[in-house]
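Peer 1: coordinates only, no sequence provided:
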């Protein structure tokens, strides 16, 4: 594309004539349509489309399927010898374009009527800066997602069954290694009894909070491989501990982070606008009732550690933390 050895940007000469501007804009437009299935439109929306091929979280299998579905790039464009990062040869006579090409095309469209155009260092810096910002956004997306979950700032609130499950662990005083609950599957009678005992109260809590009955399968109501605990671990991270021992895996709330867990759960519940202090108190009472009704299964395995006085204090602490979080939310929304 640049046989003279003059300064280039993305392999394109820094000084372009009017006809060159037209040809390059035409080629990039054609490549964009081949890559994304429609002509270029709004710049910001188009840059998001680039995730299809350039998002680092895209699975390899998905990417291979997308590349295999591409049409062949016209010989005229391939002979122009465009180079990375403007145009990427993906094999099988196909090329794709992404962030840099769309930004460059936007620049060319602004000077489409000019007889010639010089790419200034400032315009290059702006274009490269925007590309870098977009790639940084994508590369840190998973990190930001994990941070949002563990800090209680995710867009979606924590699933009510997961909140109830952690509260059930706290009610049972499973906040120390010696009072941890074994993670048993539903495959054995013992596992079914234990999971039913710990999930019974959690499900009643969730039904009161959500005002509907859970539709999850029995297999998901398990401390081993079940959704409720998986969701709780995603949110609470190191604050919900799984110990691997000779007798299997055991789960408990980290004793060093018990207060933090209570504040986290209360703040998450406070984000539910329809949930009131009274309805939360009722949900907490339903959890305790359900837990105690099935407590024989835990007692049979010497796994019942609840103390009514501690449970009353826990409820009071939860309601107080919920009220403070709700008040804080209301102040911040004013």
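Peer 2: That came through fine. Small disclaimer: the values here were computed from a predicted structure and weren't measured.

Peer 1: from now on I want contacts and neighbour counts done on CA atoms only, so please keep to that.
Peer 2: Fine.

Peer 1: for stretch 21-40, buried residues please.
Peer 2: Neighbour counts using 16 or more other CA atoms under 10 Å place 21-22, 24-25, 27-32, 34-36, 40 of stretch 21-40 among the buried residues.

Peer 1: tell me where the stretch 101-250 of the chain has strands.
Peer 2: Ranges of strands in the stretch 101-250 of the chain, per DSSP state E, counting those that start in this stretch, are 116-118, 181-182, 240-245, 248-253.

Peer 1: winner for burial among those?
Peer 2: strand 181-182 (a mean of 24; mean count of other CA atoms under 10 Å).

Peer 1: off-centre distance for it?
Peer 2: Between the mean C-alpha location of strand 181-182 and the chain-wide mean there is a distance of 28 Å, by CA atoms, centre = their mean, to the nearest Å.

Peer 1: for the strands of the stretch 101-250 of the chain, which one sits closest to residue 107?
Peer 2: Smallest distance to residue 107 across the strands of the stretch 101-250 of the chain (CA to CA): 10.3 Å, for strand 116-118.

Peer 1: quick one, what contacts the residue nearest in space to the middle of the chain?
Peer 2: Nearest to the geometric centre of the chain sits residue 145, at 4.3 Å (CA atoms, centre = their mean). By CA atoms under 8 Å, 6 or more residues apart in numbering, the residues touching residue 145 are residue 154.

Peer 1: pLDDT score for it?
Peer 2: pLDDT, residue 145: 88.

Peer 1: again with residue 51
Peer 2: The model's pLDDT for residue 51 equals 96.

Peer 1: check residue 196 too.
Peer 2: Reported pLDDT for residue 196: 84.

Peer 1: and it, how many residues sit next to it?
Peer 2: As a burial measure, residue 196 scores 24 neighbours (other CA atoms under 10 Å).

Peer 1: before we move on, what about the one 5 residues further on?
Peer 2: Applying the criterion other CA under 10 Å, we find 30 residues in the vicinity of residue 201.

Peer 1: rewinding a little: look up how far residue 151 lies from the residue nearest to the centre of the chain.
Peer 2: Residue 145 is 10 Å from residue 151, where distance means CA to CA, to the nearest Å.

Peer 1: still on that earlier bit, which of the buried residues of stretch 21-40 fall in helices?
Peer 2: Using DSSP state H, the subset of the buried residues of stretch 21-40 located in helices is 21-22, 24-25, 27-32, 34-36.

Peer 1: now, among those, which is nearest to residue 169?
Peer 2: Nearest to residue 169 among these, counting by CA to CA, is residue 36 at 49.3 Å.

Peer 1: so the closest one is in contact with residue 49, correct?
Peer 2: Yes. Under the criterion of CA atoms under 8 Å, residue 36 makes contact with residue 49 at 7.4 Å.
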